[in-house]
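In: Attaching a predicted model along with its sequence, questions to come.
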Amino acid sequence: MEMQIDGGEAPQKSCLTSFTDQGSLESHRYYLSRRTVLEMLRDRGYSVPDSEIELSLREFRGIYGDSPDTSRLRISATHQTNPSKKILVVFCDQGIVKVSQVRSIAGQITNKESLSRLIVVIQNRITDQAMKTWDLFSFKVEIFQITDLLVNITKHELKPKHRVLTNEEKEALLKKYSVDEKQLPRITVKDAIARYYALEKGQVLEITYNGEITEFYVTYRCVW
């Protein structure tokens with residue numbers, strides 16, 4: 001490619017590779033997944049600085065390097081309206097997650113009594129024994145594959161807008177339409193959206209469709 005410089009000087013060549021990502025795929029995956037986790041925490045009501053979410057890939061690599069140490073990627077946050085709700089996010093290396101790694105993670109958690117939830121981002125499979133070990137923790141543990149976090153599913157242009165109703169809004173909805181929660185359309189706790197918002201059984205989602213393909217309308221789903 002050649003670019004003509006003003007003043008009639010000789011054209012200079014610009015290499016196309018200067019417009020491509022020269023960093024490692026590994027760091028790019030960590031960058032994308034960590035950003036999605038930060039957005040997810042904020043959407044769940046946790047205090048997350050905008051500066052962390054808005055960090056560029058170049059800035060991320062400047063801080064964590066091209067082969068990030070997963071122990072430095074961990075995130076801790078406190079809920080905005082309920083300071084007693086504290087969450088920790090840890091990233092695992094690329095190997096299979098075994099009981100030894102679960103114990104290692106547990107050993108690195110200080111003040112376990114104050115922690116209400118732990119998110120573990122993995123890149124491989126977990127052994128059955130290691131999976132059972134998570135159940136022994138006194139707090140809720142969520143497991144996410146890193147590939148499921150490379151894109152924030154709530155931001156997809158074809159996805160409708162989701163909003164979690166408060167208990168008061170849920171009761172008002174049921175009263176308005178004279179229905180029981182069991183009569184509402186359902187969504188499972190394993191659904192990607194339900195996992196994103198960490199929904200529990202009985203909670204209700206308000207889903208708003210407003211696009212060029214679908215007409216504007218609102219529907220509700222109860223988590224089961």
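Out: Arrived safely.
In: Which residue is the nearest non-sequential neighbour of C92?
Out: Using CB to CB, 6 or more residues apart in numbering and skipping residues adjacent in sequence, the residue nearest C92 is I122, 4.7 Å away. (C-beta placed from N, C-alpha, C; glycine too.)
In: oh sorry, the question was meant for K140
Out: Leaving aside its sequence neighbours, K140 sits nearest to R117 (CB to CB, 6+ apart; 4.7 Å).
In: and if you look at C222?
Out: Closest residue in space to C222, ignoring its immediate chain neighbours: L184 at 4.1 Å, by CB to CB, 6+ apart.
In: circling back: give the bridge partners for the residue nearest to C92, please.
Out: Q145 (DSSP bridges).
In: same thing with the one 4 residues further on?
Out: Taking DSSP bridges, one finds V97 as the beta-bridge partners of I126.
In: what's the pLDDT at it?
Out: pLDDT recorded at I126 is 94.
In: what packs against the host helix or strand of I63?
Out: Assigned by DSSP states H and E, I63 belongs to helix 57-64. With contacts taken as 3 or more CB pairs under 8 Å, 6 or more residues apart in numbering; DSSP states H and E, helix 57-64 sits against helix 25-43.
In: right, and the helix or strand after the helix it packs on?
Out: Beyond helix 25-43 on the C-terminal side, the first helix or strand identified by DSSP H and E is helix 50-53.
In: so who does D180 touch?
Out: D180 sits next to L174 when contact means CB atoms under 8 Å, 6 or more residues apart in numbering.
In: And A192, by the same measure?
Out: With CB under 8 Å, 6+ apart, A192 has these contacts: 148, 153.
In: rewinding a little: please report how far the residue nearest to K140 lies from L41.
Out: 10 Å (CB to CB, to the nearest Å).
In: My read is that the residue nearest to C222 contacts Y220, right?
Out: Yes - contact criterion CB atoms under 8 Å: L184 and Y220 qualify, at 5.6 Å.
In: quick one: contacts for the residue nearest in space to the middle of the chain?
Out: Geometric centre of the chain, nearest residue: V37, 3.0 Å, by CA atoms, centre = their mean. By CB under 8 Å, 6+ apart, the contact list for V37 reads 75, 89, 119, 121, 144, 149.
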